[in-house]
Structures are given as C-alpha cells and as structure tokens.
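Novice: generate coordinates for the sequence data below:
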Amino acid sequence: MTAPYRAAITGLGAYLPEKVLTNADIEKIVDTTDEWIRTRTGICERRVAAPDQATSDLALPAAQEALKNAGITPQDLDLIIVATTSPDMIFPSASCYLQAKLGASCGAFDLAAACSGFAYALAVAEGFVKSGIYKNVLVVGAETITRFINWKDRGTCVLFGDGAGAAVVSRSKDGHGILASYLGADGNESEILQIPAGGSRIPPSAESVANGQHYIRMAGPELFKIAVKTMEQAVLKVLERENLQVKDINCLIPHQANNRILQAVAERLKIAPEKVFINVDRYGNMSSASTVVALYEAVKTGAVKKGDYVVLVAFGGGLTWGASLIKW
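Specialist: Okay, here's the model as predicted:
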C-alpha cells in the first residue's frame, strides 16, 4: 500500500552562538596545539553558547528562520520534536520551552539519540506526515554540549561545539522530499560514548561530580571503526530502498564528528570528495545539530540544488546511527 503523502523539508534554519573558541584558545586551556587538533580532527574552531543561553534558547532563532522559510506560522505546527542530549533540564523538555517561546499550541517532545538525533527525529516526522496524521512538523537539532565537556581532557574537549538547526517537514507539493529513512542501534556498545552520571543509574551527588562522571567519556579508536562501518552501511541501505547507487548521490551530508571519519566514510563509499559537504572545521561536533546545520549551509551555498539526491547520515552514542535519502 502506497502512503498517501510524501514528506518534504520545506524550510530550514540555523543558529550558531556568537562566541568562537579557536584552537589557539584551547592551547591556553589544555596541553595541546593547533597543529595537533587540525591534523587529527580537521577542526579549527567551534562555537560556545553564552552563560545565559540554554538549548531551547539556541533552538528558538533556528526554528523561527525555518518557519519563515517554510512560509508558515507557529500556529500551523502540529508537532515539535527537539533532538538533543543537552536539554535545558531533565524535565520539562527543551521542546516544551521552545513551544512556549514560539507561541505554538501543538504537541512537543525531546528525542535523545546523541549525534544521530536529527536523523532519528527526521524519520519520526516523516512517518507522521506520510501517514497523513500531521501536516507540519518542526524538527530541531540543538545542543549546548560544551556544558558537558571536561576541559582537562584533550581527547574530547577539542571536538565539540554548540549550535542549533531546524527543519519544517510538511506534505510535498511536487513529489520531491524524503524518499527513504534508515535507523540502527547497538546498545551493547553503549560504554564507548556516554555521560555516565545524571540519570537514575548514577544520580547527581558530590561523589559523581568529584569523579567527573557528568562529563562526556569516549573511547576514540573503537568509536572510529564502528562509526565508519555503520555510516557506510546506512548510506547503502537508504540507496538500496530506492534502487539507487552511490554514483547517483549529488551531495552526501555526514555528521560532522571528525574529518578523519568523514574521509574514511567517503573512501569506503568511493564517492568523490567534492560531493561530501564538510563544515566541521568551523563548528566541530555539534552532536544532533551537526547534520541539519550542514544541510542548511549546503542549501544556502548552492551545494544542494533542486532535484539533487541528498543523503544525510549520522552516528552517535547509544550506539545509534541513521540515514535519510532526499530528492531535493
């Protein structure tokens, strides 16, 4: 049975905090160098939220721009999904704060899938729109992930940045839109990338704070191998569902985690480097915001044009991964 509707991204928006933290700035904080960071990660700078900015504050301008570009108002929204691993607080959700700030009156919830959050949220929104249940869903990837960084750990503190991106997902009017989505996870590898404390397993305490258990912990080498393998598989899965091949992709937008990972994924897929959109050098890893901000910039700069086949692919803690194939 064919779904009655196709879901399409009809508006995009992004917001990056004003403060820029360069590699030279990080040299003053931890034992590292600009050359060490650039050669191992490809990152030159990243954005850091102001002390008075929470995740919903970053999400707001991104959402407002997406709504404007989609030509709709907050009252037209049927649902808000905020993908984040750094919400304003455990509850209420960042999506409820965003709903209030927008002046919307629809359902709202947060989705936690770490760096794969936007891919997961986009697939959920696609399902609601394709089924005909909702007409307009706002999907936001927003993070103030630097709040959970141990600035003494040079293996992680150089990687992350804050930001937000938003997409309005609505019924397609001309046949373009999301052609296929694929989601995967492997909870057996959850310890490779995690923030151990703050939940019900290790609730906040003086001991958990003293032990640094509220900071991101990552096993880099193990993560690298799995990230490259699963992102390659996710891209091939969504292409297979539409009987397309890698050569048909006009623009691949991978999660901006680390330039070495992006290069390895491109090499395994045998895709031309000029077809891979990269902005990790300017923003670092913004977790769930990375993929949507990259899509926003790819469209704005003309790297993605009407009629192009675009593939978004992401990988994150959980472990989770996901991909979307879009006819732009």
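
Novice: what stretches of the stretch 1-150 of the chain score poorly on pLDDT?
Specialist: Flagging of the stretch 1-150 of the chain using pLDDT under 70 yields the residue ranges 1-4.

Novice: which residue ranges of the stretch 51-200 of the chain form helices?
Specialist: Remark: helices assigned in the stretch 51-200 of the chain by DSSP state H, counting those that start in this stretch are 55-70, 94-102, 117-130, 154-157.

Novice: out of the ones you listed, which is the most enclosed?
Specialist: helix 117-130 (a mean of 26; mean count of other C-beta atoms under 10 Å). C-beta coordinates here come from the backbone N, C-alpha and C atoms, glycine included.

Novice: gap between the closest residue to residue 64 other than its chain neighbours and residue 141?
Specialist: Taking C-beta to C-beta, 6 or more residues apart in numbering, and ignoring the residues beside it in sequence, residue 64 has residue 13 as its nearest neighbour in space, at 6.7 Å. Residue 13 sits 11 Å away from residue 141, taking C-beta to C-beta, to the nearest Å as the criterion.

Novice: more neighbours, those two?
Specialist: A count of neighbours by other C-beta atoms under 10 Å puts residue 141 above the other of residue 13 and residue 141, at 35 against 26.

Novice: now the residue nearest the centre of the chain: closest residue in space, sequence neighbours ignored.
Specialist: Geometric centre of the chain, nearest residue: residue 288, 2.6 Å, by C-alpha atoms, centre = their mean. Among residues not flanking residue 288 along the chain, residue 117 sits closest, at 3.0 Å (C-beta to C-beta, 6+ apart).

Novice: residue contacts, the one you found?
Specialist: By C-beta atoms under 8 Å, 6 or more residues apart in numbering, the residues touching residue 117 are 83, 84, 85, 111, 141, 287, 288, 314, 316.

Novice: which of those sit farthest apart?
Specialist: With C-beta to C-beta as the measure, no two of those lie farther apart than 84 and 314, at 13.7 Å.
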